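Asker: any chance you could fold what I've pasted below:
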Amino acid sequence: MTGQGGRTRVDYDPFAGGALQRVVPTTEPQREVWLAAKLDHDASLAYNESVSLRLRGALDVDRLQVALRGVVERHDALRASIGPDGESFCVLEPQAFATAFEDLSALSPQARDAAVNARRQQGVDTLFVLEQGRLFRAELLRLQADDHLLLMHAHHIVCDGWSWWVIVRELGALYRGVSAALPAAASFAGYALDSAMHPHGDAHAADERYWLSRFSGELPVLELPLDHPRPMHRTTASAREDRMLDAALTAGVKKLGAGRGVSLFATLLNGFAALMSRISGQDRVVVGIPAAGQSVDGHEHLVGHCVNLLPLRFDLDHARSFADSLDAAQETLLDALDHQRYTFGTLLQQLRVARDPSRTPLISVLFNIDQALDPAKTGFQDLELDFTTNPRSHDNFELSVNAVQVDGQLRLECQYNRDLFDAATVRR
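Answerer: Below is the predicted model:
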């Protein structure tokens, strides 16, 4: 439809996806995502969350589909849309959730692998229309009679990394038929409404002082050596390279940190920051980490966008001993987590960061560690379970590393900007 001045206006029908159950204000982090996703098509795809759940064993397909429908009914974020101005979180009434199903078992192994890869790619490359919920979809693929793959996709504005673990655990419990053992479902709409009514907690002033003190003076800009000239305007074209660290090396890394009372996350983060410093030739680097809001606000069972991006500034003194650098990394991490409620967008406004269209403000690299998935606690009895994130085709950061604990090993998932780096460089 064309409005005044010949501009195209998108019709918005709040009931297009079904009857509305509740409308509340979006949270500040959600509005930040909404603004970024509205830049263009590729920018929105950078917020597509996609995971694979491999289920080996005798699977009851109908029961799994019913269980997934139950998860969607329990969590309002999975049946929500966003208002056309990004200000409204619109929850739809529960209705039958359809899980697409396709049997690939008759295909040759090569054709089956190709079909699975195509489905994964389609999942990460299919745009979510934020005004037309629901912003969650799923597809079940039969690979063999006793081997299935559940693909799940969601927009980041309604789902974060913590949420996937909640979804998988509850899916297993509902599949097993023990819904009575689940806690009462937490409402993201209630969480968002509470955030709107109490935008600044008691610790807001202290949080602000902390972050402003960390970034007083000239702001560091990470200059990594690139394989290709930096485009004038930032791009999101992305690919992923994975590297597995064997059990012996992983155990050694854990022991190294434990000897100083330092967590595995801080140990790996210290190494990543040191690597960024070494290859850039800079003593001050900023590494972003995602911090799950569910873990600090007593919302352990909440599905939704509760994550906040934290910019950790590292001052690397190469004359300092490795033990001292570990201690400093642990202190930096813990201090940041103590002040994690102060949103990244608010910090950027206070710092008045000069906008550079060729790069993201303040944070260009990201590091994360995923909590280990304990199959025994998922409820999928008699089924072998494997949970993985699917590589993105678009990402907001120049480089991001996600460390995943797998059977005593560590898988390093390295997502990188294809317009800046070559795959061979990332593999090195």
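Asker: now do residue 355 against residue 39, distance only.
Answerer: 13 Å (Cβ to Cβ, to the nearest Å). C-betas here are computed from N, CA, C, even on glycine.
Asker: so between these two, which is more surrounded?
Answerer: Ranked by neighbour count (other Cβ atoms under 10 Å), residue 355 and residue 39 place residue 39 first, with 12 against 8.
Asker: so who does the more buried one touch?
Answerer: Not one residue lies near residue 39 by Cβ atoms under 8 Å, 6 or more residues apart in numbering.
Asker: residue 26 contacts residue 88, doesn't it?
Answerer: Yes: with contacts defined as Cβ atoms under 8 Å, residue 26 counts as touching residue 88 at a distance of 6.5 Å.
Asker: give me the common contacts of the two.
Answerer: Common neighbours of residue 26 and residue 88 (Cβ under 8 Å, 6+ apart) are residue 82.
Asker: neighbour count: the two, which is higher?
Answerer: A direct count of neighbours by other Cβ under 10 Å for residue 26 and residue 88 places residue 26 higher, at 24 against 17.
Asker: show me what contacts the more buried one?
Answerer: 34, 82, 83, 86, 87, 88, 89, 192.
Asker: just residue 257 next, same as before
Answerer: Contacts of residue 257 (Cβ under 8 Å, 6+ apart): 263, 264, 266, 267, 326.
Asker: just put these in TSV and tack on secondary structure.
Answerer: Formatted as TSV, the contacts of residue 257 follow (DSSP: H, G, I helix; E, B strand; the rest coil):
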residue	secondary structure
263	coil
264	helix
266	helix
267	helix
326	helix
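Asker: circling back to that earlier point, what's the PyMOL line that selects buried ones from the contacts of residue 26?
Answerer: Buried residues among the contacts of residue 26 (16 or more other Cβ atoms under 10 Å), as a PyMOL selection:
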select buried, resi 34+82+83+86+88+89+192
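Asker: how is this protein divided into domains?
Answerer: 13-192, 200-427 (automatic domain parsing).
Asker: and these, which is most packed in?
Answerer: Ranked by mean neighbour count, those are led by domain 13-192 with a mean of 18 (mean count of other Cβ atoms under 10 Å).
Asker: sorry, back to before: mind listing which of the contacts of residue 26 are in strands?
Answerer: Counting by DSSP state E, those place 82, 88, 89 in strands.
Asker: quick one: the residues you listed as CSV, columns for distance to residue 183 and pLDDT too.
Answerer: Formatted as CSV, the ones in strands among the contacts of residue 26 follow (distance: Cβ to Cβ, whole Å; pLDDT from 0 to 100):
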residue, distance to residue 183, pLDDT
82, 27, 94
88, 28, 93
89, 22, 93
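Asker: how about these in JSON lines, adding distance to residue 387?
Answerer: Listed next are those as JSON lines, based on distance: Cβ to Cβ, whole Å:
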{"residue": "82", "distance to residue 387": "27"}
{"residue": "88", "distance to residue 387": "32"}
{"residue": "89", "distance to residue 387": "27"}
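Asker: where do the strands sit along the stretch 301-428 of the chain?
Answerer: For the stretch 301-428 of the chain, the strands defined by DSSP state E, counting those that start in this stretch occupy 307-315, 365-370, 384-389, 399-406, 409-417.
Asker: span of stretch 312-330 from start to end?
Answerer: With Cα to Cα, to the nearest Å as the measure, stretch 312-330 spans 11 Å from end to end.
Asker: avg pLDDT for that stretch?
Answerer: Stretch 312-330 shows a mean pLDDT of 89.
Asker: stretch 197-215 too?
Answerer: Mean predicted lDDT for stretch 197-215 stands at 85.
Asker: with stretch 280-291 instead?
Answerer: For stretch 280-291, mean pLDDT rounds to 95.
Asker: for that stretch, what is the distance to the chain centroid?
Answerer: Computed by Cα atoms, centre = their mean, to the nearest Å, the separation of stretch 280-291 from the middle of its chain amounts to 19 Å.
Asker: what ranges of the stretch 251-400 of the chain fall below the confidence cut-off?
Answerer: For the stretch 251-400 of the chain, residues meeting the criterion pLDDT under 70 lie at 372-378.
Asker: hmm, try it at 90
Answerer: Confidence mapping of the stretch 251-400 of the chain against pLDDT under 90 gives the ranges 257, 259-260, 292-300, 316-324, 341, 349, 352-356, 370-386.
Asker: where exactly do the helices run in the stretch 151-300 of the chain?
Answerer: 161-176, 188-197, 204-214, 247-258, 264-280 (DSSP state H, counting those that start in this stretch).
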